[in-house]
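In: compute the structure for the input listed below.
(one chain, ligands or ions: 1)
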Amino acid sequence: MISIAIDGPSGAGKSTVAKALAKKLGYIYVDTGALYRTIALFAIRKGAEPTNEEQICALLPQIKLDVKYVDGTQRVFLCGEDVSDKIRTNEISMCASKVSAIPAVRAFLLDLQRDMAKNNNVIMDGRDIGTVILPDATVKFFMNASEDAKARRRHKELLAKGEKISLEEVKKTMAERDKNDSARKIAPAVPAADAIHLDNSESLEKTIETAINIIMEKII
Ligand code: DC
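Out: From the prediction side, this is the model:
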């Protein structure tokens, strides 16, 4: 099976690039952030504190998480409920970042992610795909963009989803989240030693073209 890992901070444009690559290559796109977001949603619903390891660990056995593909699009199910749209808020983003620093949460999601790559050709995006989840990935990318480009991109997404939030607030929470994600002890969001760095501050089309050329060279 072929696996393409795309790691990097929030708002770098990983999912847009990953979706385009998946479409071009006929692979499935696995959005691993959605899994941490689903655990965050469950924690919020249960009134748990996202940084409280004991509380979050006690919730994990109650979580049944399934990933399905509907018309080629990933949907995430929490105990049978499709939560794919509910997990896209700014509140959930912050909470997902917090629960993702808990080792038991990462262990809980490990096999699910690896199994998907075992059974399918995948483009998988996240923070630790090239370093922890798929250390033998066929190609590893680490994607980044300027602070401004990242915040504008995420702001636009949130506005489109009907969330009322200022660009400044998005900038602030993104900076906090990226600091948490890259500084945490377990599986920090850092490039794998063999990752290819992609800057996605400017043209999306150019980034996709560069990525596809690199992948093609590797798999043909
Ligand atoms: O990619 P995203 O913004 O949907 O991810 C939400 C949070 O989940 C992110 O702030 C950190 C965490 N995450 C992670 O720790 N590891 C991953 N592979 C994906 C996401």
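
In: so which bits of this protein are right by the ligand?
Out: Counting by Cβ under 6 Å from any ligand atom, the residues of the chain close to the ligand are 10, 32-33, 36-37, 93, 96-97, 100, 126-129, 177, 181. Glycine gets a C-beta too; all of them are placed from N, C-alpha and C.

In: can you rerun that using 5 Å?
Out: 10, 32-33, 36, 96-97, 100, 126-127, 177, 181 (Cβ under 5 Å from any ligand atom).

In: quick one, strands of the protein?
Out: 3-7, 28-31, 65-70, 73-78, 81-82, 122-126, 139-144, 196-199 (DSSP state E).

In: show residues contacting the fifth one.
Out: This points to strand 81-82. 75-76 (Cβ atoms under 8 Å, 6 or more residues apart in numbering).

In: who does that strand pair up with?
Out: strand 73-78 (antiparallel) (DSSP bridges).

In: burial measure for E81, as a count.
Out: E81: 12 surrounding residues under other Cβ atoms under 10 Å.

In: just the helices in this protein please.
Out: Counting by DSSP state H, the chain has helices at residues 14-25, 33-45, 53-59, 90-99, 103-119, 147-160, 167-183, 204-219.

In: okay, the angle between the fourth one and helix 103-119?
Out: The reference is to helix 90-99. 100 degrees (axes from the mean of the first three to the mean of the last three Cα atoms, to 10 degrees).

In: over to the first one?
Out: Going by the same axes, to 10 degrees, helix 14-25 is angled at 20 degrees with respect to helix 103-119.

In: in helix 14-25, what counts as buried?
Out: By neighbour count with 16 or more other Cβ atoms under 10 Å, helix 14-25 contains the buried residues 14-22, 25.
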